[in-house]
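> The following comprises the amino acid sequence and a computationally predicted model.
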Amino acid sequence: MSRWFVQMILAVLCLATITGLVSAQSSGEETFFVDKLFPVMRKAQCDLCHNDNGVASATEIEFPRLNASRQQIVAFGYQLMALVDRDHPEQSMLLRKPTNRDEHTGGVRIVPGSEQERLLRVWIDFLATLTDQQVQRAKELIEESHQWRLQPLTVRRLTHSQYNNTVRDLLGDQSQPGNSFPKEDFIHGFKNQLEGQGISPLQAEAYSTAAERLARAAFRGGDYQDLIRHKPTSTMDEMAADEFVRSFGSKAFRRPMSDVERSKYVQILLAESAQSNDFSAGARLVVEAMLQSPNFLFRIEAGAGQGDIPFAIAGRLSYLLWDTMPTAQMLDAAAAGSLVTPQQIEDQARQMLDDPRSAAAMDEFLAQWMRFDRVLGATRDRRRYRDFNNEVAAAMVEETRQLFRHLVWNDQNFMEFFSANYTFVNSTLAQLYGLPTPAEDFARVLYPQDSGRSGVLGHGSFLVSTSKPAETSPTSRGLFVRNHFLAQEIAPPPPGVNSVLPEVTEDKPLTNRQRLEVHLNSEACSSCHRLIDPIGYGFEQYNAIGVFQQKMSLRFGGRENPTTKELAVDTRSHIQGIRESEFARPKELGQLLAQNETCQRCIVKQYFRYAFGREETPADQATIDAAFIRFRDSGFRFRELVMAIVTSPLFVQRQ
């Protein structure tokens, strides 16, 4: 054996030994991070702000989700290298920010001198001394952990709105039975989210009752909807039964029926027809049965055969853009293979957006996003707010709807939703806001130059939905801005926290800002209230029904001989975590939001959640990014955002 060969063997063994030692050392430190430090960071609630939908989403730290794998947690630990000063570890941002040595939006998360800080310092020192080889390995691990797979589309239940519209188009029924179904929960800001789409026994009973009534109504006094197109020659006419089942079933299920399905329903029809000696009775029973089928109540896509995919895409389009079932023309296009490519889908979607049904469907998105239910169901102290009633609430909702429609359907810059210097009011709202009376109801009216209103932030719909029956709520208004306009989640109050504010008395009158200062004195409250209350202070000159008041008016005493005190309000505000975000009026906040990328991306996220029925995941980042770029580059035209979503790989995926 040559000396050269021996040297090569020794070199390879040496390299293997060194690599093994590096891996062993890294493995030990990685175990430390996963088992020791990471739980400390979670307990400190760092993850509540440092995530894609957190207040600190713009920073370089994004925590793994709760169901993250060990590999993803380790990769996150290595990502923290970006916050470590390798030459001076004690000056690392990773140390100075959570300990609040450098000003930190979240305040003190890790107490200086504590055991938690010692654990953090161990990891910082490890990251600061990584060899080039270890750094390369860490980068590879990070890259591997970011290789996400698209989340497959599975099953979507018809929302109550979609149910109403579908039975209207399927049966000509205008009774809106879904309005009497059990109330839908708002999750991630919407009522169509997968997490809330189970069927309870009460919901199942409601479906059964509705199906029976709808089927009976469809054939009351004969087949007035002309559902039975091939008239039977007898009660046992199998050809007529098969034609009815095939025709009605393909519309109800939004796809062609299989031979097994068709045979089952034909047998049901003929058996009932024979027993009652009435073909229509059999058809009625088939309608009732189909309306309770999962194939009607759900949009089933998981495991669909390749032949069913175009029909699934037709359903995705129709329920997103029209809030109802596909038309016969769309089903024919699916059958012909004309709903396959992104371009074919975009062409179909653009045609659909020219149909009046798309405006009503988009209104449904707006109503859920802006929580119109809170406005329409709002109650107010009649002694203080005699000008508020159901008609005024409906007008406030219509005002916001008109602005939304103007921006969407006229291809305007959608960010004017926040910064518009005009609005759409009727005479009642004009009087309430102190604006000129429009020539006709909900005509466009400019705000005066000195007005503090701006876009939706000056609308009664926003100001009422974020107020209490007798007073404003800076906390609710700030939270709404965070959740709905920045897509940032704020942790709920910890259990057992005393949320009672100081009482306002005639001897000791207080503004809301003064009362809310109690939150800043509580460690359990201050970290979150610092993020939301300062936003709400900028609206304090707009009372609980959206009327401008220079000063805060406090009323004391009963109905007889009441006394009123007026207090000057401090409306200086800011958005914690956004630089140069100071404002004092809704108008200034509207301009900030319109120009802020976090807000612009929020619009994309909100429509994504509505379109797919779930919150976005790391795997969806490419879809979000592509949609945002198309939205931004179009001058923030909302219809281009729609096109970006419906042509995305996630929307057109073929399982």
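All right, it came through fine.
> Tell me which residues of the helix or strand containing residue 215 come out buried.
According to DSSP states H and E, residue 215 maps onto helix 201-218. For helix 201-218, the neighbour count (16 or more other C-beta atoms under 10 Å) marks 203, 206, 207, 210, 211, 212, 214, 215, 217, 218 as buried. Where you see a C-beta, it was placed from the backbone N, CA and C, and this is true even at glycine.
> What does the residue nearest to residue 531 when sequence neighbours are not counted show for phi and psi?
Distance criterion C-beta to C-beta, 6 or more residues apart in numbering; nearest residue to residue 531, sequence neighbours excluded, is residue 576 at 5.1 Å. Torsion angles at residue 576 (phi, psi; degrees, to the nearest 10) stand at phi -60, psi 130.
> Show me which positions of stretch 507-525 end up buried.
Neighbour count says stretch 507-525 has 510, 511, 512, 513, 514, 516, 518, 519, 525 buried, by 16+ other C-beta under 10 Å.
> ok but the fifth one is inside a helix, no?
Yes: using DSSP: H, G, I helix; E, B strand; the rest coil, the assignment for residue 514 is a helix.
> list the contacts for it?
Neighbouring residues of residue 514 by C-beta atoms under 8 Å, 6 or more residues apart in numbering: residue 502.
> if I look at it, how far off is residue 152?
53 Å (C-beta to C-beta, to the nearest Å).
> now the second one
Using C-beta to C-beta, one gets 52 Å for the distance from residue 511 to residue 152.
> Same question for the third one.
Taking C-beta to C-beta as the measure, residue 512 and residue 152 are separated by 47 Å.
> Does the residue nearest to residue 232 when sequence neighbours are not counted fall in a helix, a strand, or a coil region?
Nearest residue to residue 232 in three dimensions, chain neighbours excluded: residue 240, at 3.8 Å (C-beta to C-beta, 6+ apart). When classified by three-state DSSP, residue 240 comes out as helix.
> Tally up the residues packed near residue 240, please.
23 (other C-beta atoms under 10 Å).
> do the same with residue 265
Neighbours of residue 265 (other C-beta under 10 Å): 24.
> so who does it touch?
245, 249, 257, 286, 289, 290.
> what about it, which SS state?
Using three-state DSSP, the structure places residue 265 in helix.
> what's the answer for the one 5 residues further on, then?
Secondary structure, three-state DSSP: residue 270 is helix.
> Now name the helix or strand holding residue 85.
Residue-wise, residue 85 maps onto no helix or strand under DSSP H and E.
> got the contact list for it?
Residue 85 touches 91, 92, 93, 128, counting by C-beta under 8 Å, 6+ apart.
> and the gap between the third one and residue 124?
Distance of residue 93 to residue 124, computed by C-beta to C-beta: 10 Å.
> tell me, what's touching those two both at once?
residue 84.
> Those two: which is more packed in?
residue 124 (22 against 18).
> Look up how far residue 84 lies from that one.
Residue 124 is 6 Å from residue 84, by C-beta to C-beta.
> before we move on, what about residue 500?
For residue 500, the distance to residue 84 equals 43 Å [C-beta to C-beta].
> Hmm, residue 110 is touching residue 121, no?
No: counting by C-beta atoms under 8 Å, residue 110 does not reach residue 121; the two are 9.9 Å apart.
> out of those two, which sits in the busier spot?
Between residue 110 and residue 121, counting by other C-beta under 10 Å, residue 110 is the more crowded of the two (23 against 17).
> if we can go back for a sec, may I see the buried residues of helix 201-218 arranged in TSV, with pLDDT and distance to residue 620 as well?
Shown next, in TSV, are those (pLDDT from 0 to 100; distance: C-beta to C-beta, whole Å):
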residue	pLDDT	distance to residue 620
203	95	29
206	97	33
207	97	31
210	98	34
211	98	36
212	97	41
214	97	37
215	96	40
217	94	42
218	94	41
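> Switch those over to TSV; also include distance to residue 78.
Shown next, in TSV, are those (distance: C-beta to C-beta, whole Å):
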residue	distance to residue 78
203	47
206	52
207	51
210	55
211	56
212	60
214	58
215	61
217	64
218	63
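> Closest one to residue 272 out of the residues you listed, please.
residue 215 (11.3 Å; C-beta to C-beta).
> wait, doesn't the closest one sit right on residue 284?
Yes: using C-beta under 8 Å, residue 215 is in contact with residue 284, at 4.8 Å.
> What segments of the stretch 551-655 of the chain are strands?
551-556, 563-568 (DSSP state E, counting those that start in this stretch).
> Buried deepest among these, which one?
With neighbours taken as mean count of other C-beta atoms under 10 Å, the strands of the stretch 551-655 of the chain reach their highest mean count in strand 551-556, at a mean of 15.
> pLDDT of that strand, averaged?
Strand 551-556 carries an average pLDDT of 87.
> what are the pairing partners of that strand, and which direction each?
strand 563-568 (antiparallel) (DSSP bridges).
> Can you get me the centre-to-centre distance for stretch 34-42 and its chain?
30 Å (C-alpha atoms, centre = their mean, to the nearest Å).
> Flag every buried residue along it.
34, 37, 38, 40, 41.
> my read: the third one touches residue 73, true?
So the one you mean is residue 38. Yes: using C-beta under 8 Å, residue 38 is in contact with residue 73, at 5.7 Å.
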